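> everything below, folded, please.
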Amino acid sequence: MSGFFGKLRLSSLMTLAVCATVALTVALQLALVNHFAVRQAGDEAQLRLQQLSWQMRDSLNRVIEQATGDTRLLAELPQLRYARNPDETRAVLESLQRTFPDYAWIGIADLDGKVTASTGRMLEGANVSKRPWFATGMRGVHASDYHPAVLLEKMLPRRQDPWRFVDASGPILDAGGKPVAVLGLHMSWEWARVHARKLLTPALREYGAEILVVRDDGTVILGPEGLVETKVDTTSLRLAQKGQTGSLREVWPDGRAYLTGYSQTGDMLDPASLRWSVLVRQTEDRAMEGTVDLKQRMLGWSFLLALLLAVAAALMARRLTRPMAQLRRAIQLVTEATEAGREPPPIPQVDGFLETQILSSTMRDLVKSETAHRHALLALNERLEAAVAERTAELQALLLRDALTGLPNRRALLEALPEAMGRARRVGRPCALLFLDMDGFKAVNDSYGHEEGDELLRQFGERLLQGVRKTDIVARLAGDEFVVVLEMLTDAAHAEDTARKLLERLKAPFLLRGATVTVGASIGIALHRPEEPADVDAWLARADHAMYAVKRTGKNGVALAATV
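Okay, here's the model as predicted:
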């Protein structure tokens, strides 16, 4: 051996070989962790933020729909349509306010804009003809966007957060269908703050997750204290304003990288809904904190292992080369004596060639040991790859299952619906989507606690599974909302018959750990025929609207959505 390596001792060469092997192994391990664990952690964090955005969006939509629904209901009451006594009218309005305390003010104004009756007598006699809710309410039921309390600020109780409102308004018609007054509901923005706090668990808040609700003009109407009523412009906001939903990594104006889930509320064609962008963000550093810590720990332990192996290799190499060094010194003495013309001294007992053979055999054993060590490291890498692949498959399966009920979740449902539509087209038989919302779940949850509520959700999902065929799909969307997909149907009556059987099954009492409760369900049905276009969102929306039609007409019933 010549060159640089020819000048190194055997102990140094062995130490370098061990360090190189350990360094290569560490590099492979870190590459595997970065490829699988880091990517999987990022995907999970983005999916969690996207689901939170969906949940906040659905909560906002439900509250706005309730407000506009209450406006329609109140406008139809005979006590308001034909009222002549402001005291009687005021009693009806204050009754609704006591039932729904989020309505900070409810009032009726005549066609000139003069308030004739209101809760707490606030603004009675005042002219509100210039207010946006009055002008839009003259034309039909509308929802007015987030705004400050212009006239009511000084009349309402003082509070830590400023009064902000979202309005719902609509006309009150006489028997001939002509407007005689305008009904307005001012809903306090506090309900949105409460919904956001409920969605963000303490664990999520600890890891920096934040919910933002943004108007179309980019103004933050709900979010961190420093951003409220300021304007933002991010990629996620622009995507949400286009009606898209999803999650991404982006850099915000504060210079920090965030993972952001985004969606949009309302319906562009429905004046009784509001178009807000819902963004749920978390700093990338906090979202990936666990994975980064794992990489640092692996790197630290690997360096320690490399140091220990290097020390052990150096000590072993010196011990193995000592006999060869003794033999080398003996040969040098003989050579020097020969060159000086002296009688060469006898070679010390080093066991001659026998010791050389033994040393060679030992070196060969060392090479074999090193090979076995390398094979062991490769086998360890293969087992690690297999374990990572198995864990990845398990995590992928978990992404498609609801953790509480074990049923398919929203993501799994959205993957299954196009397949069901395709099968309906191929076999020429319709399929149906049943949108179920449990009636009375909140009362059970409030009365008996979340654990009993979770048990009720599990039993509710199990009954749905028992009430349909094995080929049908039962999924949980969120909260107490479930979806059933029925295939190979004959007609709409077939779907309605199945829905009513499910309804009867769900009316039976549920035996929980600490109580026996009875709940119902509101079921909306949307039929998809083979010749109809495959539009998953429209299909879900029709079933959802049919379910809310049941809610508005007394709950605990079945409604079939209109055909496309």
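
> show me where the stretch 351-500 of the chain has its helices.
With helices called from DSSP state H, counting those that start in this stretch, the stretch 351-500 of the chain shows them at 352-399, 410-427, 441-448, 450-466, 492-507.

> no, scratch that, I was asking about the stretch 201-350 of the chain
Assigned helices in the stretch 201-350 of the chain, in chain order: 202-206, 235-241, 284-287, 289-340 (criterion: DSSP H, counting those that start in this stretch).

> tell me which other helices or strands the shortest one touches.
Think helix 284-287. If you count contacts as 3 or more CB pairs under 8 Å, 6 or more residues apart in numbering; DSSP states H and E, helix 284-287 packs onto helix 39-76, strand 257-264. No exception for glycine: its C-beta is placed from N, CA and C like everyone else's.

> residue 442 is nearest to which of those?
Among the helices and strands packed on helix 284-287, the nearest to residue 442 by CB to CB is helix 39-76 (12.1 Å).

> okay, buried residues for the closest one please.
Neighbour counts over helix 39-76 (16 or more other CB atoms under 10 Å) mark 40-42, 45-61, 63-71, 74-75 as buried.

> following that helix, which helix or strand comes up?
Taking DSSP states H and E as the definition, the helix or strand that follows helix 39-76 towards the C-terminus is helix 78-81.

> contact partners of the helix or strand where residue 551 lies?
Under the criterion DSSP H and E, the helix or strand holding residue 551 is helix 536-552. Identification of contacts with helix 536-552 by CB atoms under 8 Å, 6 or more residues apart in numbering yields 65, 69, 73, 414, 417-418, 421, 433-437, 483, 522-526, 528, 556-562, 564.

> C-terminal to it, what's the next element?
The element immediately downstream of helix 536-552 (helix or strand, assigned by DSSP H and E) is strand 558-560.

> can you find the helix or strand of this structure with the lowest average pLDDT?
Among the helical and strand segments of the chain, the one scoring lowest on mean pLDDT, DSSP states H and E is helix 352-399, with a mean of 54.

> hmm, back to that, and the helix holding residue 551, average pLDDT?
With pLDDT averaged residue by residue, helix 536-552 scores 93.

> can you show me the CA trace of that helix as PDB?
Extracted C-alpha coordinates of helix 536-552, given in PDB (Å, rounded to 0.1, in the frame of the first residue of the first chain):
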ATOM      1  CA  VAL A 536     -70.200  15.100  -5.400                       C
ATOM      2  CA  ASP A 537     -70.500  18.600  -3.800                       C
ATOM      3  CA  ALA A 538     -74.000  19.200  -5.300                       C
ATOM      4  CA  TRP A 539     -75.100  15.800  -4.200                       C
ATOM      5  CA  LEU A 540     -74.000  16.400  -0.600                       C
ATOM      6  CA  ALA A 541     -75.500  19.900  -0.700                       C
ATOM      7  CA  ARG A 542     -78.900  18.700  -1.700                       C
ATOM      8  CA  ALA A 543     -79.000  16.100   1.000                       C
ATOM      9  CA  ASP A 544     -77.800  18.700   3.500                       C
ATOM     10  CA  HIS A 545     -80.500  21.100   2.500                       C
ATOM     11  CA  ALA A 546     -83.100  18.400   2.700                       C
ATOM     12  CA  MET A 547     -82.000  17.600   6.300                       C
ATOM     13  CA  TYR A 548     -82.200  21.200   7.300                       C
ATOM     14  CA  ALA A 549     -85.700  21.300   5.800                       C
ATOM     15  CA  VAL A 550     -86.600  18.600   8.300                       C
ATOM     16  CA  LYS A 551     -85.000  20.600  11.100                       C
ATOM     17  CA  ARG A 552     -87.100  23.600  10.200                       C
END
